[in-house]
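Peer 1: Please find the sequence and the predicted model below.
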Amino acid sequence: MTSMKILQYPDERLHKLATPVREVTVEIQTLVQDMTETMYAAHGIGLAATQVDVHQCVIVIDISDSRDALHVFINPEIIAASGESTCEEGCLSVPGVFEKVRRAEYITVRALNIDGDSFVISAEGLLAVCIQHEMDHLLGKVFVEYLSRLKQLRLKSKLKKQQK
Ligand code: NI
């Protein structure tokens with residue numbers, strides 16, 4: 001397993017659209033392993049392939065404290081969503097920034113697992129938030145884009161200065 005470099009906002013590559021995985025090959029399984037290692041090494045609870053500059057629809061999530069409850073979503077699709085909840089979010093691509101985002105409270109997601117088999121999962125709470133946050137990454141969207149335009153501009157200039 002290899003730890004990968006995580007793109008930092010406002011890197012333009014975070015805005016690339018991911019393409020669906022055509023087949024869950026050994027390469028994709030290796031990508032999942034490397035992403036998992038990268039997420040754990042960075043103490044994150046979720047990582048989308050976009051964040052490691054691989055533009056395919058792959059997400060890993062582990063919201064457990066014990067770091068032993070990995071969820072892998074390949075080609076995730078939200079097939080049902082309801083309710084509304086607001087949660088403070090953070091992102092490995094935007095370190096040190098935590099902002100409230102409104103999302104669906106309950107979702108049902110269909111995806112492929114690491115063996116390429118289709119599964120359906122219903123999620124609520126932090127898991128639902130995390131899945132929606134990571135799925136946004138696959139669409140090239142970073143959570144701070146839900147903030148007001150002014151807040152985004154301020155954040156961008158602050159982060160650009162920090163990265164210099
Ligand atoms: Ni993120």
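Peer 2: Okay, I see it. Numbering: from 1, shown residues only.
Peer 1: and residue 136, how many residues sit next to it?
Peer 2: Look at residue 136: counted by other Cβ atoms under 10 Å, it has 19 neighbours. C-beta here means a position set from N, CA and C on the backbone, and glycine is covered the same way.
Peer 1: buried stuff in stretch 20-31?
Peer 2: Within stretch 20-31, the residues scored as buried using 16 or more other Cβ atoms under 10 Å are 21, 24, 28, 31.
Peer 1: hang on, the third one packs against residue 21?
Peer 2: Yes: the pair formed by residue 28 and residue 21 meets the contact definition of Cβ atoms under 8 Å, at 5.7 Å.
Peer 1: what is in contact with these two at once?
Peer 2: Residues touching both residue 28 and residue 21 (Cβ atoms under 8 Å, 6 or more residues apart in numbering) are 56, 58, 74.
Peer 1: Mind giving me the packing neighbours of whatever helix or strand residue 154 lives in?
Peer 2: Element membership of residue 154 [criterion: DSSP states H and E] is helix 149-163. Contacts defined by 3 or more Cβ pairs under 8 Å, 6 or more residues apart in numbering; DSSP states H and E place helix 149-163 against no helix or strand at all.
Peer 1: Show the average pLDDT along it.
Peer 2: Here helix 149-163 scores 89 as its mean pLDDT.
Peer 1: ok, now stretch 3-20?
Peer 2: 96.
Peer 1: before we move on, what about stretch 112-123?
Peer 2: Mean pLDDT, computed over stretch 112-123, is 98.
Peer 1: Now do the end-to-end distance for that stretch.
Peer 2: Counting by Cα to Cα, to the nearest Å, you get 16 Å between the two ends of stretch 112-123.
Peer 1: what's the answer for stretch 142-150, then?
Peer 2: 16 Å.
Peer 1: Tell me the first helix or strand C-terminal of the longest strand anywhere in the chain.
Peer 2: What stands out as the longest strand in the chain, according to DSSP state E, is strand 71-82. Later in the chain than strand 71-82, the nearest helix or strand by DSSP H and E is strand 85-89.
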